[in-house]
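Student: have a look; sequence and predicted model below, questions after that.
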Amino acid sequence: MDVHYRVAIFGSARLMPEDQAYRDVFEIAVELGKLGFDVVTGGGPGLMQAANAGHRAADSEAHSIGLNIVLPHEQDFNPYLDIKQDFDRFSGRLDTFVSISDAVIVAPGGVGTILELFYSWQLAQVKHICETPIVLFGEMWGGLLDWLTTEVLERGLFSEKDLNSIFHVKSPGKVVELIERIHADRAKVEHVCVNYEVYRGELDL
């Protein structure tokens, strides 16, 4: 497999094309494909399908990748994948996600999506994936960030600097703009993670 800049997109399997989040994720993936970036999802329905379908619609040479979890209710691969892999355990699947992805977008989702968010954030916190921005896309994450700040951070249970890699972005265009900027800086800056506060200011996030 050729090496491309890869963006993991996490999100609900339950949101369908009539939902605005589905259309937004599709739009984000189209633009990522046009930039030549791979997209990595869980390979299933809902927002995973939106991401893979949008990426395929860009008609680029980048890869649409699906990392499927084998579940009792038989989640099937969506039809918009270039590369597929099945996993029996969430742990191995999560490790593969973070090991092959250069950026993470967390779209609206439930328990599985929240697991993926916090696993990625844990690795960013201990600098196992220092260069990997975690982009929370959509209005729903505002309440979680408020709770983390007022309840968890306030009690000193993590440091304010641990939020550096987390970006809350509410428009598809800003998501793409942020990831494009961080990707561009990788060729110029030894550690792009030291620039995270700069991105916030320059992109008005």
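Tutor: Happy to help now that I have it.

Student: are we agreed that Ser120 is in a helix?
Tutor: Yes - assessed with DSSP: H, G, I helix; E, B strand; the rest coil, Ser120 lies in a helix.

Student: so what's Asp95 up against?
Tutor: The contact partners of Asp95, by CB atoms under 8 Å, 6 or more residues apart in numbering, come to none. C-beta: built from backbone N, CA, C; applies to glycine.

Student: for Phe77, that is, sorry about that
Tutor: Per CB under 8 Å, 6+ apart, neighbours of Phe77: Gly43, Gly44, Gly66, Asn68, Lys84.

Student: other SSEs contacting the helix or strand of the chain with the lowest mean pLDDT?
Tutor: None of the helices or strands of the chain scores lower by mean pLDDT, DSSP states H and E than helix 196-202, at a mean of 77. Packing partners of helix 196-202 (3 or more CB pairs under 8 Å, 6 or more residues apart in numbering; DSSP states H and E): strand 166-169, helix 172-186.

Student: so the residue lying farthest from the centre of the chain is in which element?
Tutor: Distance from the C-alpha centroid of the chain, by CA atoms, centre = their mean, peaks at Arg155 (28.1 Å). Secondary structure from DSSP states H and E places Arg155 outside every helix and strand.

Student: and the two most separated of the contacts of Phe77?
Tutor: Maximum pairwise distance in those, criterion CB to CB, is 11.0 Å, between Gly44 and Lys84.

Student: comparing those two, which residue is more hemmed in?
Tutor: Taking other CB atoms under 10 Å, Gly44 and Lys84 do not tie; Gly44 has more neighbours (21 against 13).

Student: for Asp95, see how far away that one is.
Tutor: Distance from Gly44 to Asp95, counting by CB to CB, to the nearest Å: 18 Å.

Student: with Ala187 instead?
Tutor: Computed with CB to CB, the distance linking Ala187 and Asp95 is 27 Å.

Student: that's a strand at Val7, yeah?
Tutor: Yes - counting by three-state DSSP, Val7 is located in a strand.
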